[in-house]
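Q: quick check, what structure comes out for this input:
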Amino acid sequence: MTTGAGLDYRSAGVDIDAGAEAVRRIRALARGTFTPGVLSDIGSFGGLFRPDLTGLTEPVLVSSADGVGTKLKVAFLAGRHDTVGCDLVNHCVNDILVQGATPLFFLDYLATGRLSPDVTEAVVRGIAAACAENRCALLGGETAEMPGFYADGEYDLAGFVVGLADRGRLIDGRGIRLGDPVIGLPSTGLHTNGYSLARRIVFDTLGLAVDSAPEGLDGRVGDVLLRPHRSYLRPVSPLLAEGAGVVKAMAHITGGGLTDNLPRVLPPGRRGGDRYKGLDPAAGVHLPAAARRADRRRGVPDVQHGYRPRHRLCARSARHAARRVPPARGTGGGGHRSGHDRRRHGAVRMTGRGADSGGGAGSRRLGVLISGRGSNLQAIIDAIAAGRLVAEVAVVVSNRPDAPGLERARRAGIETAVLDHTAYASREAYGRELAAVLRRYDVALVCLAGFMRLLSAAFVSAFPNRILNVHPSLLPAFPGLHGQEQAWRHGVRVAGATVHIVTPELDAGPIVEQAAVSVRDEDTPDSLSARILIEEHRIYPGGHRRRARRRVAHRGPPTGRMSSMPGTLAEQMAYLTKGAVDVVRESELRSKLEQAAGKERSLVVKVGFDPTAPDLHLGHTVLIRKMKHFQDLGHTVVFLIGDFTGLIGDPTGRSKTRPPLTRDEIEQNADTYRAQVFKLLDPDRTVVEFNSRWLGALRSEDWIRARRQLQRRTDARAPHFRQRYDRGQPIAIHEFLYPLTQAYDSVHLAADVELGGTDQLFNLNVGRDVMPSFGLPPQVVMTVPLLVGLDGVEKMSKSAGNYVGITEPPDEMFGKLMSISDTLMWSWYELLTDLPWPRSSGCARGWRPATCTPSGPSRTWRAASSPISTRMTPRCGRARVRAAVQRRGAPVRAGGAGGGVPPAGARLSAVMVEVGFAASNSAATRLIDQGSVRVDGERTVDRGARFPTDAGPFVLQVGKRKVVRVIPRPAGQENAST
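A: Below you'll find the predicted structure:
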């Protein structure tokens with residue numbers, strides 16, 4: 001708009017070009033957070049979102065709006081704008097989380113006096129990062145330039161989140177009762193509260209500056225004050241997944257502290273006790289209520305949960321939970337702290353477990369090598385500032401004096417060094433000097449961030465398995481320069497980025513992390529490179545976390561092999577194939593083991609689990625134990641959670657299409673899998689992956705192209721499809737995609753071996769068929785037997801109700817294990833243990849009655865059941881297993897002093913009463929009429945049923961959880977044993 005006087009928007013203080021540039025920069029950031037429900041793109045007049053309401057009885061939208069407050073003043077002083085966006089999103093997410101809602105989408109509002117594209121990009125980068133962490137789409141927002149309204153260099157920031165809940169599972173505190181325990185989750189600092197007072201104390205009273213680093217403070221003042229508000233979504237989600245009533249109330253401790261926030265969730269007429277009298281004022285601060293400050297002696301209960309009595313925490317479990325809390329950034333420096341500070345920061349320090357030598361017990365010291373802009377350096381800096389990476393950049397080194405990335409480092413207060421490669425006669429000489437510089441800064445991990453020089457073998461050996469690089473392709477495809485352009489010219493449908501460990505060979509090191517990017521028809525090398533760069537920035541900090549916490553991820557030569565592990569190739573083959581049903585093919589497995597030993601690398605062993613139900617059970621552990629065998633030999637195991645394939649549902653063995661699950665249900669179930677798998681696997685040598693990372697990036701066109709990789713006869717070969725077709729049962733079209741998605745998982749992971757149950761043989765072989773068309777050698781397929789459930793008939797599953805959960809109380813688990821029939825004991829013994837066959841069992845292998853002494857099976861199985869139960873139990877619960885073993889040491893006589901089970905030929909209802917499964921004969925007959933009673937796995941509805949006069953031991957099951965093995969008393973004995 002112009003006037004006759006020559007006025008326009010720019011002269012009025014509004015820079016339209018700067019606004020357009022800011023939108024261009026943030027568009028890709030927002031798109032990186034999009035979830036399947038997003039229907040609109042950035043730039044629309046309004047954001048469109050279609051929520052998935054599947055499985056919700058009465059859907060309820062939950063919304064919250066907030067701002068960052070005067071914490072922004074600290075950001076202005078420090079010149080750092082990449083953390084306040086995280087504060088905004090996480091604050092809003094916590095506000096709806098405490099009501100039982102999960103976030104769907106977020107919108108922001110940024111207002112400023114003079115628009116700076118750099119500042120806007122930094123703020124929105126923080127918002128987008130927090131949205132991605134919370135699985136929430138950044139649907140849109142508003143950026144307003146208002147000259148004269150704000151001081152130069154200042155802005156205001158606000159936003160709101162919309163989430164979804166089921167009305168029947170809303171959390172409102174009504175169920176709180178006296179005696180309910182309270183669990184507090186720690187914060188990262190002040191979050192977004194009390195900054196007016198904090199700034200007065202820190203800057204006015206104490207006279208500190210944002211770059212001050214007083215003794216005893218864990219970092220610079222600005223860094224500490226700008227630690228982002230923590231989101232509690234991930235640690236709380238597994239509790240919400242357990243169902244209504246498990247969590248009775250939650251309070252987000254924000255402005256007003258405990259006294260103002262806890263009463264908001266207490267039922268009418270209830271109030272918290274006066275527990276905060278006597279707190280000494282600190283730093284000359286006097287508030288109307290001392291409870292508005294943190295009680296450092298007790299810890300602040302940021303989140304309050306009411307638990308049913310069956311939820312028990314022991315000291316070791318609590319410490320383990322503390323270790324999993326995402327820590328705040330620390331410098332790893334020395335200094336003395338008081339006792340409460342040591343306890344509070346212990347969780348931060350303990351997350352460094354698994355870091356390489358040289359890093360100390362605190363945060364890891366990184367040395368970053370750059371040659372250009374340093375955008376990946378910025379991603380590392382942002383991740384540290386946001387608390388997503390516990391590390392400290394000790395030094396940034398460039399081989400070019402004019403590299404723009406050096407200025408990035410200086411603005412962040414990071415020391416820099418220039419080592420011009422042209423001043424050295426050879427690569428080896430340059431490598432020696434570069435290693436010396438990094439050692440002077442006590443660097444534990446070297447990060448290449450656009451460093452355009454080949455490293456010498458001597459330099460790589462100076463930091464073995466401690467050099468990370470991010471490459472713009474899905475290695476091992478397209479190594480070397482211009483990986484994006486190579487992928488585009490070859491016409492691949494999926495490209496991506498790879499974080500890998502650097503070895504002397506170019507881009508040939510073990511893979512730590514990957515991200516897929518779909519190649520669009522309209523793409524150019526530049527547009528594809530821009531989208532891959534976004535993924536590089538996202539996964540590079542995550543690669544550092546994985547490298548530090550899971551040392552197996554470097555996939556180097558097997559280390560730490562136990563002396564008792566098999567050493568020769570023949571011994572390894574025997575150990576790995578023990579108990580396997582199918583090995584396709586053994587010759588290929590032998591060849592892969594030989595090659596891995598020769599190249600000093602580990603095999604990639606993949607197992608997928610679709611989280612269609614919460615919690616793992618003993619049936620899953622048969623496969624997980626086989627993973628452990630590979631792990632014992634130093635190989636990499638990938639525990640793949642099929643959060644994408646779970647939307648389809650494995651059709652194997654199904655007589656009808658699986659009912660669909662919502663994404664929220666799948667994600668909640670997946671959280672339980674991830675938390676429970678480490679009861680069996682070594683967390684330091686396990687990679688946990690979610691296949692939505694790469695499958696979610698594929699478009700419809702990509703699926704069509706990939707589908708052509710399979711021959712038409714493939715679907716007809718699937719026995720489960722053939723059986724349903726012959727019976728005239730419907731088959732959903734999307735079910736045909738399942739084997740292909742499972743195969744594509746193997747392609748993406750470049751799997752050497754895939755494990756599965758015998759019912760998975762077809763799907764696993766599809767992976768073998770597809771991999772060569774992607775230039776990969778076919779994977780070896782290995783299947784293990786299926787574990788028959790407690791009913792003795794069907795395979796163990798949650799849907800059949802015949803399972804033993806690995807999170808069940810240890811004494812209950814032991815009781816279920818001891819209730820199975822003699823015919824099941826042999827197979828369970830071999831599938832669930834690595835114990836040798838006991839010669840003292842009184843039984844020959846095979847468990848045939850003719851070869852057993854009367855108590856042989858029970859005695860042997862009792863000895864095996866104890867370690868199975870204790871292996872999955874925290875140390876503080878193992879006494880319950882020992883007590884259960886002692887109780888089972890001799891046959892337990894049913895009926896106690898009051899009498900015994902009637903002899904063979906008596907009514908089944910009488911047995912149910914005697915073993916405590918029914919209060920009376922009439923109650924027992926009602927259970928029989930309802931179809932709740934099974935004998936040896938067979939349902940009985942005959943209320944007058946009697947067991948035969950010549951009956952032997954049988955398994956009696958009532959409902960899903962009551963199972964007992966009954967040994968009827970022969971004539972002449974007083975009672976029966978259970």
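Q: and the helices in the stretch 601-750 of the chain, which stretches?
A: 618-632, 663-676, 692-695, 700-707, 713-717, 719-726, 738-749 (DSSP state H, counting those that start in this stretch).
Q: mean pLDDT for those helices: which is lowest?
A: Ranked by mean pLDDT, the helices of the stretch 601-750 of the chain bottom out at helix 713-717, which scores a mean of 44.
Q: what sits against the residue nearest to P147 when sequence neighbours are not counted?
A: Once flanking residues are discounted, P147 sits nearest to G13: 2.9 Å by Cβ to Cβ, 6 or more residues apart in numbering. From N, CA and C alone the C-beta is placed, and that goes for glycine too. For G13, the contact set (Cβ atoms under 8 Å, 6 or more residues apart in numbering) comprises 113-114, 145, 147-148.
Q: element containing G13?
A: G13 belongs to no helix or strand when assigned by DSSP states H and E.
Q: confidence score at it?
A: G13 is assigned 71 on the pLDDT scale.
Q: need phi/psi at it.
A: Per-residue torsions, G13: phi 100, psi 10 (degrees, to the nearest 10).
Q: excluding residues flanking it in the chain, which one is nearest N469?
A: L448 is the one closest to N469 (Cβ to Cβ, 6+ apart), at 4.1 Å.
Q: check the gap between the one you found and L474 for me.
A: 18 Å (Cβ to Cβ, to the nearest Å).
Q: same question for A28.
A: Taken as Cβ to Cβ, the span from A28 to L474 is 20 Å.
Q: which of the two has more neighbours?
A: L474 (26 against 14; other Cβ atoms under 10 Å).
Q: helix, strand, or coil at that one?
A: When classified by DSSP: H, G, I helix; E, B strand; the rest coil, L474 comes out as coil.
Q: got the contact list for it?
A: 487, 494-498, 514, 516, 748.
Q: go again using 10 Å as the cut-off
A: Residues near L474 by Cβ atoms under 10 Å, 6 or more residues apart in numbering: 483, 487, 492, 494-498, 511, 514-517, 532, 694, 747-748, 750, 774.
Q: next secondary structure element downstream of the helix of greatest length in the chain?
A: Criterion DSSP state H: the longest helix present in the chain is helix 525-549. Going down the chain from helix 525-549, the next helix or strand is helix 569-577, by DSSP H and E.
Q: relative to helix 618-632, how tilted is that next one?
A: Here helix 569-577 runs at an angle of 160 degrees relative to helix 618-632 (axes from the mean of the first three to the mean of the last three Cα atoms, to 10 degrees).
Q: pull out the buried residues from helix 569-577.
A: Within helix 569-577, the residues scored as buried using 16 or more other Cβ atoms under 10 Å are 572-573, 576.
Q: for these, which one is nearest R388?
A: L576 (36.9 Å; Cβ to Cβ).
Q: surely the closest one meets V753?
A: Yes: the criterion here is Cβ atoms under 10 Å, and L576 meets it with V753 at 8.7 Å.
Q: okay, and the common contacts of the two?
A: In contact with both L576 and V753: 583, 589, 593, 603, 605, 626, 630, 635, 780, 782, using Cβ under 10 Å, 6+ apart.
Q: ok, what's across the strand from the last one?
A: Listed beta-bridge partners, M782: V583, L755 (assigned using DSSP bridges).
Q: tell me the strands beside the helix or strand A394 falls within, with direction?
A: Using DSSP H and E, A394 falls within strand 391-398. Strand 391-398 has the following sheet partners, assigned by DSSP bridges: strand 364-370 (parallel), strand 416-418 (parallel).
Q: any idea of the mean pLDDT for that strand?
A: pLDDT averaged over strand 391-398 gives 90.
Q: got it, and stretch 459-476?
A: 87.
Q: now do it: distance from first to last residue.
A: 23 Å (Cα to Cα, to the nearest Å).
Q: bridging residues for L956?
A: Taking DSSP bridges as the rule, L956 bridges to V935, V964.
Q: if you could redo that for D108, that was the one I meant.
A: G141, G159.
Q: does it touch R125 like I think?
A: No: if you go by Cβ under 10 Å, D108 and R125 don't touch, sitting 11.9 Å apart.
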